[in-house]
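# Pasting a predicted model and its sequence here:
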Amino acid sequence: MPIKRVSTPALLALLTLTAYGLLLPFTGFYWDDLPFTWIARFLSPSEFNPAFAPYRPFLGPIFYLTTSLVPPVPLYWQIFALLIRFLLGVAAWWALSQILEKAQARAAALLILVFPGYSQHWVAYTHINQELIPFIFYLLSFGFTFHALKTRSRAHTLLALLLQICGVFPTEYFFGIEGIRLLLLYVYTEKNIKQTFKIWTPYLLVWILNAAWLLYYYKFGPYNSYSVTAAQTPNLINLLAQALDALWKTGIYIWIQIAPLTLAAPLAPASLLTGGLILVSFFFLAPQVDVNQTPAPRFSAPSLMLVGALAILLGRLPSLAAGLPLTLQSSYDRFMVSMMLGGVFFILGAIDFLITNNNRKKYILAALIALGVGQQFFNGNIFRRDWDKQREIYWQMAWRMPALKPGTLILAREMPIDYETDISFTAPINWMYAPTFQRGDLPYLMLYTEKRIGGPTLPSLQKNTPVKFPYRTVTFYGNTSQAIVIEMPKNGCLRVLDPARGDEQIYSKQPKALTDAIPLSDPSNILAETQTPAAPTFFFPQEPPHGWCYYFAKAELAQQNGNYAAAAALIRQARNLGYAPEDPTEWLLFAQAFALSGDLAAARELSDSAIQTDTRTRREACIVWTKIALRLPEEGSAALAAYQCAQ
């Protein structure tokens, strides 16, 4: 039975749901989403205007409008992102229909919709506002420019100018792509330079105004973000290398990058599901893709390739000026949004130029779109896993630290998670531990030691070092003498490190950025008794099943408070339920609890079990039993001798 051909809007809707909607209920907030949602919840949407004043002042009104309409709930924002993504596809289709041939415009819109170089769709709160909405404005501006040429309507020209302003002023990302309009006009007017500049002049004036604004804001105004390197003496070899890198990645590699990503682990469930989705999408798309039956009169294959290549370079300019890398499958691939048009034009032109058979063109286009669908599903699965990891981290924090003294500084080594920074974690931590915050000093701050030591926020790890950190429109004031140090290993449970327990020696083989901070850790900043224990129910209403890490957290909390019997009882309960740690050193943390609660045999058994699992834990066992020997000299000395510890 042949697959029925569907209209372009219906096809865009189906592809949007397939590429971005299948994992939607299992994704959440990431990166800057977290502080932004905290601002909206605790300070109100109007706070985005002053919050963005030192960064991108024209972006504040977009955040204000959208956050006033959509509550800070992950599911709502992922649904909103789906709607915006669909509107982006429709805007691209309509705008490019004013410029390209009908078949070209349809294919280009489908490629833009699933553009595989841009993986940041699920960072919805941030990137929908920061990039995709301004990009929609810019696409529509291009469309109305060419629609005005057809209709000879000044009103449409004014609308195009207004949309240009809305696209270019909120973010510097799109500063370079105004040159694409010039290139398109040059081809559209059949290379009539005089007519091209006559049409482009009002847009050029807006662009010059934006350039003057950016120059003032970067150099003389309050801008406080990335440093600009364009004013420095350019390194021509480096510029050439960056240009070739952008052309290769955006014009060619991204369209097939899903292949090496899935082939790295071909039998993994994510790879198999991605491959299946690509095949299904290809067979559905093959009858849906059009190609021009005759050569396009204006935008021929060489013209499209040339415009595409130049557009890629123009789109790379802002991030290159800031000295930022173009790294795929990372937060840096957000810069691909300004190279999206160029990449699509280039690949369309390349297919038209290299393939003469129309059927083959259709199949290749269908395959590329299907690969884009698979790529975005693959990306969505990465963000799903990230959200699961966040859930794990926040609930373990809540179990281990029911409440914190206000003003506590949380120090940590970088968490084993891809899309969150210490500043990202700060927002949910404040949401958990200060749920009634209204306005004032920020109660809590989390800092990654290896990223912050020696900087203005954390000059040193000496005691009594003041810590001040502006968090958009509020500020944290603290001191290294009121701190706790936490560790979240890649395999294992979240731990609060305690110098009194010997953790400085136990973790001595870890990076100095972590071990040097351990003497600052004061677990007394954790309040075990509270009427309202912290819980991340604002994002994760369902508490995870109580596995090993739950009992570990509760036992460590009991041990911190000197309740060794309770700690030992919790570990016994966990063992009786069949739970065991991934990291054998976690057994050792409770040898002291068993020993000091009178069960020396169990203490020795835990230590023996850890050493048998991993002989490298013998050193840690010696440190633990040295501490026990201070309280129980006879029993501890016997264990030290049995483990052949140096005394």
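Structure received.

# going forward, measure contacts between C-alpha atoms and count neighbours the same way
OK.

# ok, longest helix in the protein?
Criterion DSSP state H: the longest helix present in the chain is helix 358-400.

# For it, which helices and strands make contact with it?
Judged by 3 or more CA pairs under 8 Å, 6 or more residues apart in numbering; DSSP states H and E, helix 358-400 is in contact with helix 102-113, helix 258-263, helix 269-285, helix 340-354, helix 548-560.

# in the first one, what counts as buried?
This means helix 102-113. Using 16 or more other CA atoms under 10 Å as the test for burial, helix 102-113 gives 102, 104, 105, 106, 107, 108, 109, 110, 111, 112, 113.

# ok, these vs residue 217, which is closest?
Within these, distances to residue 217 taken as CA to CA reach their minimum at residue 112, with 31.4 Å.

# So that closest one sits against residue 341, correct?
Yes: using CA atoms under 8 Å, residue 112 is in contact with residue 341, at 7.3 Å.

# Name the nearest residue to the residue most central in space within the chain, ignoring sequence neighbours.
Central residue of the chain (CA atoms, centre = their mean): residue 419, 3.7 Å from the mean position. Distances taken as CA to CA, 6 or more residues apart in numbering put residue 31 closest to residue 419, at 5.4 Å, once the chain neighbours are dropped.

# how about that neighbour, what does it touch?
Residues near residue 31 by CA atoms under 8 Å, 6 or more residues apart in numbering: 123, 419, 420, 421, 424.

# could those go into TSV alongside secondary structure and pLDDT?
Formatted as TSV, the contacts of residue 31 follow (DSSP: H, G, I helix; E, B strand; the rest coil; pLDDT from 0 to 100):
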residue	secondary structure	pLDDT
123	coil	96
419	coil	87
420	coil	91
421	coil	92
424	helix	94
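
# what's the farthest-apart pair in the residues you listed?
123 and 421 (13.5 Å).

# where do the strands sit along this structure?
403-404, 409-412, 445-448, 466-471, 474-479, 483-487, 495-497, 526-527 (DSSP state E).

# Let me have the ones you listed in a markdown table, extended by distance to residue 188 and mean pLDDT.
Listed next are these as a markdown table, based on distance: least, CA to CA, whole Å; pLDDT from 0 to 100:
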| stretch | distance to residue 188 | mean pLDDT |
| --- | --- | --- |
| strand 403-404 | 64 | 96 |
| strand 409-412 | 57 | 96 |
| strand 445-448 | 53 | 96 |
| strand 466-471 | 48 | 94 |
| strand 474-479 | 51 | 95 |
| strand 483-487 | 59 | 95 |
| strand 495-497 | 63 | 94 |
| strand 526-527 | 67 | 94 |
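
# List the contacts of the nearest residue to residue 155 once chain neighbours are set aside.
By the measure of CA to CA, 6+ apart, the closest residue to residue 155 outside its immediate chain neighbours is residue 148, 7.9 Å from it. The neighbours of residue 148, taking CA under 8 Å, 6+ apart as the test, are 154, 155, 156, 157.

# Distance of residue 148 relative to residue 98?
9 Å (CA to CA, to the nearest Å).

# Next: residue 166.
20 Å.

# Would you map out the domains in the chain?
Following automatic domain parsing, the chain resolves into domains at 8-30+73-223+235-386, 401-529, 545-647.
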